[in-house]
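S.K.: This is a predicted model, with the sequence first.
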Amino acid sequence: MPLIATKIVVGFVVGVLIGMSGVGGGVLLLPVLIFGLRVPAIVAVGSDAVFNFFTKVPASLLHLKKGTVRRKVVLALALGSIPGSIGGVKLLMHIRHLYGDGVNSFIKTTVGVLLIVIPTLLLFQKKIEERVANRPPSPRGFMGMVLIGLVAGFLVGMTSVGSGSIIMMLLLLFYSFPPKVNVGTDIVHAVLLTGVTGLLHFQLGNVDSGLVVSLLIGSIPGGLLGSHLSTRVPMLWLRRLLCTLLLLTGARMLWA
């Protein structure tokens, strides 16, 4: 199979899985790019950030239209995440300046840790949601949201992973927004964060534009198909299976 066709198929499969399970695209795609397509880790991070930006734009517009977005929360998160992302990208560039291709090993280790932490949180997400469902509203601390954005932005700048999953989980743990508002706010903020991160990596030459286009060609119909199938498959078990595979992938990254 020609390489471009392989990339389109990868985008299609990832799109289907995202649509069916709701698991974040960065968590699913990055290991495939690094291990499956043998893309250098730093290029995989930059390309994944740009890919995530374009895939989240349609959903963000839909949530804005439906009114399921807290704009002040998006602003607070972005005030932390954008400088955090800049810091994460600059750290990668500093490491590349010092160690050259050794930056790819650093990225793999960091991603390996995230692929253990994030799927573990996702496996327990339902229980966490049940525990906080009847919790009284907590104070909407502006600085707390900025701090959440700063941490997530720094991780996204280094790995492109976490623009959705990490922020979603932190908002769930520390604030009491309705589920639809949580999702909509998270997606709109993710567009800003991945847009800035993707632009920074593009300016530094860390983005394979052909790879991004090929992935998008596959992921758009894949996402539509996955959304259609989501009501016809046992989503809970699919999510658990994906999280287990991601945990194993993270362990392989750490102990390879």
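M.R.: Noted; the coordinates are in hand.
S.K.: How about the secondary structure of residue 39?
M.R.: Of the three states, residue 39 takes coil under DSSP: H, G, I helix; E, B strand; the rest coil.
S.K.: list the contacts for it?
M.R.: Neighbouring residues of residue 39 by Cβ atoms under 8 Å, 6 or more residues apart in numbering: 33, 47, 208, 211. From N, CA and C alone the C-beta is placed, and that goes for glycine too.
S.K.: could you measure the second one against residue 178, distance?
M.R.: Between residue 47 and residue 178 the computed distance is 34 Å (Cβ to Cβ, to the nearest Å).
S.K.: ditto for the first one
M.R.: Counting by Cβ to Cβ, the gap from residue 33 to residue 178 is 34 Å.
S.K.: Looking at the two, which is more packed in?
M.R.: Between residue 33 and residue 178, counted using other Cβ atoms under 10 Å, residue 33 has the larger neighbour count: 25 against 10.
S.K.: tell me which element the residue nearest to the more buried one when sequence neighbours are not counted falls in.
M.R.: In this structure, residue 33 finds its nearest non-sequential neighbour in residue 44, 3.9 Å apart by Cβ to Cβ, 6 or more residues apart in numbering. For residue 44, the host element (DSSP states H and E) is helix 41-66.
S.K.: That helix: how far from the chain's middle?
M.R.: On the basis of Cα atoms, centre = their mean, to the nearest Å, helix 41-66 is displaced by 9 Å from the centre of the chain it belongs to.
S.K.: Please apply the same query to stretch 166-173.
M.R.: That offset, for stretch 166-173, works out to 13 Å (Cα atoms, centre = their mean).
S.K.: Also stretch 96-104?
M.R.: From the chain centre to the centre of stretch 96-104 is a distance of 24 Å (Cα atoms, centre = their mean).
S.K.: swap in stretch 99-119?
M.R.: So, by Cα atoms, centre = their mean, the centroid of stretch 99-119 is 15 Å from its chain's centroid.
S.K.: And the contacts of that stretch?
M.R.: Stretch 99-119 is contacted by residues 24, 27, 30-31, 34, 40-42, 44-45, 92, 95-96, 155, 158-159, 161-162, 165-166, 242-244, 246-247, 249-254, 256 when judged by Cβ under 8 Å, 6+ apart.
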